[in-house]
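Novice: Model the structure of this input:
(2 chains)
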Amino acid sequence: MKRPVSSVLSIGKAKTLSDRFESEMLALLPRLRRFAAGLARDPARADDLCQMTVERALRSRDQWQAGTRMDSWMYRIMRNLWIDETRAANRRGQTFVDEEAGAAVGADGGQEARAMLTDVDRAMARLPDDQREAVLLVMVEGWSYKEAADIVGCPVGTLNSRLVRGRDALLALLGEAA
Amino acid sequence: MTITPEMIAAYADGELEGAERDRVEQALAQDPALARQVDAHRALKARLSAHFAPILDAPLPEALTRAVRAQPEAEVLSLDAARRARAASARGGTRSRWAWGAGAALAASLALAVVLNRPAANGVPGYADGQLAAALDTQLSGGQTAGAPVRVMLSFADARGDLCRGYSGQAGSGIACRDARGWRLEKAFGGAAGEEGVYRQAGSADPRLMAAMQDMASGPALDADAEKAAIARHWKR
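Specialist: Model prediction:
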């Protein structure tokens, strides 16, 4: 039986789509690295996570529809990869980052700034994973509650309460003056 | 109506609207402690943002950008580049990574869905006749649907200046060049007519056909206007 091809792509069209896909993904990389840094709390692991995310996204690119948001799609991929990684690590009885290690992922600058920033790292490290990802998505990555809930795959109310617990913990750890 | 911690946080994040938002604002006006909570939430957000902000400006690891750019479909090469790339890569049965994007005008006219060919006897001598000849005479490249008996894929001039066309169909794919007698069959790749009948999608066109066209072409492929002109003069030089 012949199976007709549903879409006959011209090279021109394929090229245009590829270019857009590629350039959109390239433009997303800085944000993805930031999210990865927050999740993984270790620069090397964060870049590994980024790499895995890009590779997974490229392999699954037919799941992404042109015209829809690539950013939330890739955030979701990264988040799910990270969950898989942490679960696997937990099974192996490992923890990636000592919470006192103070990886200082975003630190750049003088000693004073560095000391202050590592406080943030330590505080973030002490959050449970679900609260940390909620805090990162909304307070660092700037997603709305609904978008963040979509990325995590939970109801908005759940996201909201994780977020409140996470930020209360951070405020307590970092001091009300933040 | 109590103002919950969730509402305070949501207000600080700009997530509240309408009546809920009004209610929180009223409460804030009356209760300085609540107002301080909102300030604390916003200060925390600013601090977290500032903490992670340097990553946005940091140079990207090369491995990462390379991974994005390495996607095969993204490659559009000039004929020369395609030729060089093919020469450089080992011959093998891997997916063809070439693309014939010598020009945007060409690109718009080149359909890639072709019949999957089985290795078979090739080098059939002679000239095209019947359906194939008619298609080569009259069809613009890429204008046919996937089920068409013959799909003309691309036109180009060979080293002698003859106009040649790559085609693909249920009876096989190949390249024919126009001379005084008609469409001389230069290359033929066995088609295994109807066998499996599997059509390949863009990017996986028969690499042998693509390679052969690259070898034969002496310049960029004809765009749609050039093809129309060629049709009008019956593909004579």
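
Novice: Do a quick rundown of the strands in chain B.
Specialist: B:114-115, B:150-157, B:163-169, B:172-179, B:182-190, B:199-200 (DSSP state E).

Novice: so what strands line up beside the fourth one?
Specialist: The partner list of strand B:172-179 in its sheet, established with DSSP bridges, is strand B:163-169 (antiparallel), strand B:182-190 (antiparallel).

Novice: what angle do the first one and strand B:150-157 make?
Specialist: Computed by axes from the mean of the first three to the mean of the last three Cα atoms, to 10 degrees, the angle separating strand B:163-169 from strand B:150-157 equals 160 degrees.

Novice: For B:Arg178, list each beta-bridge partner.
Specialist: B:Trp183.

Novice: tally of neighbours for the closest residue to A:Asp129 other than its chain neighbours?
Specialist: Spatially, and ignoring its direct neighbours in sequence, A:Asp129 is nearest to A:Thr86 (6.5 Å; Cβ to Cβ, 6 or more residues apart in numbering or on different chains). Just so you know, the C-beta spots here come from the backbone N, C-alpha and C atoms, and that holds for glycine as well. Neighbour count for A:Thr86, taken as other Cβ atoms under 10 Å in any protein chain shown: 16.

Novice: roughly how far apart are A:Thr86 and A:Asp130?
Specialist: 11 Å (Cβ to Cβ, to the nearest Å).

Novice: likewise A:Ala148?
Specialist: Counting by Cβ to Cβ, the gap from A:Ala148 to A:Asp130 is 12 Å.

Novice: cool, A:Val140 as well?
Specialist: As for A:Val140, its distance to A:Asp130 is 15 Å (criterion: Cβ to Cβ).

Novice: With neighbour numbers in mind, choose between these two.
Specialist: Under the criterion of other Cβ under 10 Å, the comparison of A:Val140 against A:Asp130 puts A:Val140 first, with 23 against 17.

Novice: How much space separates B:His51 from A:Arg79?
Specialist: From B:His51 across to A:Arg79, the span is 20 Å (Cβ to Cβ).

Novice: Counting neighbours, go ahead and name the busier of these two.
Specialist: Higher neighbour count among B:His51 and A:Arg79: B:His51, with 25 against 22, using other Cβ under 10 Å.

Novice: From A:Arg165, how far out is the more buried one?
Specialist: Plainly put, B:His51 is 20 Å away from A:Arg165 if you go by Cβ to Cβ.

Novice: Mind putting the strands paired with strand B:172-179 into CSV with mean neighbour count, distance to A:Pro43 and mean pLDDT?
Specialist: Below are the strands paired with strand B:172-179 laid out as CSV (neighbours: other Cβ atoms under 10 Å in any protein chain shown; distance: least, Cβ to Cβ, whole Å; pLDDT from 0 to 100):
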stretch, mean neighbour count, distance to A:Pro43, mean pLDDT
strand B:163-169, 26, 50, 87
strand B:182-190, 20, 51, 84
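
Novice: Looking at those strands, which is nearest to B:Pro220?
Specialist: Distance to B:Pro220, taken as Cβ to Cβ, is lowest for strand B:163-169 among the strands paired with strand B:172-179, at 13.0 Å.
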